[in-house]
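*Asks:* build me a model from this:
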Amino acid sequence: MSRRSLLLGTAALGALGAWGTAGCSRVSSGDALARLKTQGTVRLGIAGEVPYGFVDDQGEFTGEAPELARVIFKRLGIDSIQPVATDFASLIPGLNSQQFDVVSAGMYINKERCEQVIFSDPEYQMLDSFIVRKGNPKNLRSYEDVVKAKAKFATGTGYAEIGYAVAAGIPEKDIVILQDQVAGLNAVESGRVDVFAGTALTTREVVKKSSKAEATEPFAAVVDGERQIDGGGFAFRPTDTELRDAFNVEIHKMKKSGELFRILKPFGFTKNEMTTLTAEELCR
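*Replies:* Below you'll find the model as predicted:
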């Protein structure tokens, strides 16, 4: 993905959000799978983050999670998907207030989120990485390095990296919160911050066209002495267990056949980021 397409993808969210929420009815879940089959459409909550769910430079709705959703929901008898764009921090509240039916944003599965929604088993696993100035002048390769260097640290709205930074000893009040990885790249290039933390995938993609910044090697955050390997999945309302379970059946078939990797590979995923982790493991 070019940086231009990242910027266009973010800019297009306003129009997409207005279209995606138009005419959305707020009805109780009941048997969500049966209801969605009758409707013929599933509303997907996205956050405009490349490569998880975004609008490309041709104005097309795409990303690893939406493309996966297209395949799985069609197999479940639901032919149409409708994007509903919001900021990342509003995805779970929007899901539970029925602004959309499913979160399709590659959202990390963790204990706090599992208290609010139910997740499919993850489609990928992921380590963290930093966007830093070329040559990494402050030698920042972990959250602990940021603390030692007293570097100015930034990450994205609602990102899991906020918690990892705080656990490493970075005061929450000192963390600069930016919209996304594109804003993070701009902040590092301009010198407003020393480092922006994100997923290894988003950082390596966003720096590809930059002459001023680079991505560090992927690493696992350490919390309470334990290395953190995250996994991203689809989020469902707690009442929609039948829908989540049916989704899981299909995603496990795709993992076994290799189809899942074929769908995710064009978005920059590697075989190392395929996973056998379960939502139950990540929710602990």
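
*Asks:* run through this protein and note the low-pLDDT ranges.
*Replies:* Where the chain drops to pLDDT under 70, the residues are 1-30.

*Asks:* determine the longest helix present in it.
*Replies:* helix 241-257 (DSSP state H).

*Asks:* for it, which helices and strands make contact with it?
*Replies:* For helix 241-257, the packing partners by 3 or more CB pairs under 8 Å, 6 or more residues apart in numbering; DSSP states H and E come out as helix 32-39, helix 64-75, strand 118-119, strand 230-236, helix 259-264. (Glycine included, C-beta is placed from N, CA and C.)

*Asks:* how about the ones you listed, which one is nearest Pro171?
*Replies:* Nearest to Pro171 among the helices and strands packed on helix 241-257 is strand 230-236; the distance by CB to CB comes to 22.9 Å.

*Asks:* give the buried residues for the closest one.
*Replies:* For strand 230-236, the buried set under the neighbour-count rule, 16 or more other CB atoms under 10 Å, comprises Asp230, Gly231, Gly232, Gly233, Phe234, Ala235, Phe236.

*Asks:* reformat these into a markdown table and put distance to Ala151 next to each item.
*Replies:* Shown next, in a markdown table, are the buried residues of strand 230-236 (distance: CB to CB, whole Å):
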| residue | distance to Ala151 |
| --- | --- |
| Asp230 | 23 |
| Gly231 | 28 |
| Gly232 | 27 |
| Gly233 | 32 |
| Phe234 | 35 |
| Ala235 | 33 |
| Phe236 | 38 |
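
*Asks:* relative to Glu60, which of the residues you listed is nearest.
*Replies:* Nearest to Glu60 among those, counting by CB to CB, is Phe234 at 20.4 Å.

*Asks:* tell me if I'm right that Ile72 and Asn248 touch.
*Replies:* No - at 9.6 Å, Ile72 and Asn248 do not qualify as touching, with contact defined as CB atoms under 8 Å.

*Asks:* show me where the protein has helices.
*Replies:* Using DSSP H, helices in the chain cover 3-11, 13-21, 32-39, 64-75, 91-96, 111-114, 143-149, 161-168, 181-190, 200-206, 241-257, 259-264, 279-282.

*Asks:* hmm, back to that, more neighbours, Ile72 and Asn248?
*Replies:* Ile72 (24 against 18; other CB atoms under 10 Å).

*Asks:* who's in contact with the more buried one?
*Replies:* Phe247, Glu250, Ile251, Met254 (CB atoms under 8 Å, 6 or more residues apart in numbering).

*Asks:* who wins on neighbours among those residues?
*Replies:* Phe247 (25 neighbours).

*Asks:* and it, how close does it get to Phe153?
*Replies:* 36 Å (CB to CB, to the nearest Å).

*Asks:* Arg284 now?
*Replies:* 27 Å.

*Asks:* those two: which has the busier surroundings?
*Replies:* Phe153 (25 against 7).

*Asks:* bridged to that one, which residues?
*Replies:* Phe153 forms beta bridges with Val195, as assigned by DSSP bridges.

*Asks:* ok, it - contacts?
*Replies:* Contacts of Phe153 (CB under 8 Å, 6+ apart): Val146, Ala165, Ile170, Asp174, Ile175, Val176, Val193, Asp194, Val195, Ala197.

*Asks:* Leu44: which of these is nearest?
*Replies:* Ala197 (26.3 Å).

*Asks:* neighbours of the closest one, just the number please.
*Replies:* Residues near Ala197, counting by other CB under 10 Å: 28.

*Asks:* now Ala220
*Replies:* 15.

*Asks:* tell me what the residue lying closest to it once chain neighbours are set aside is bridged to.
*Replies:* Closest residue in space to Ala220, ignoring its immediate chain neighbours: Arg227 at 4.0 Å, by CB to CB, 6 or more residues apart in numbering. For Arg227, the beta-bridge partners are Val222 (DSSP bridges).

*Asks:* give me the neighbour count for Arg227.
*Replies:* 10.
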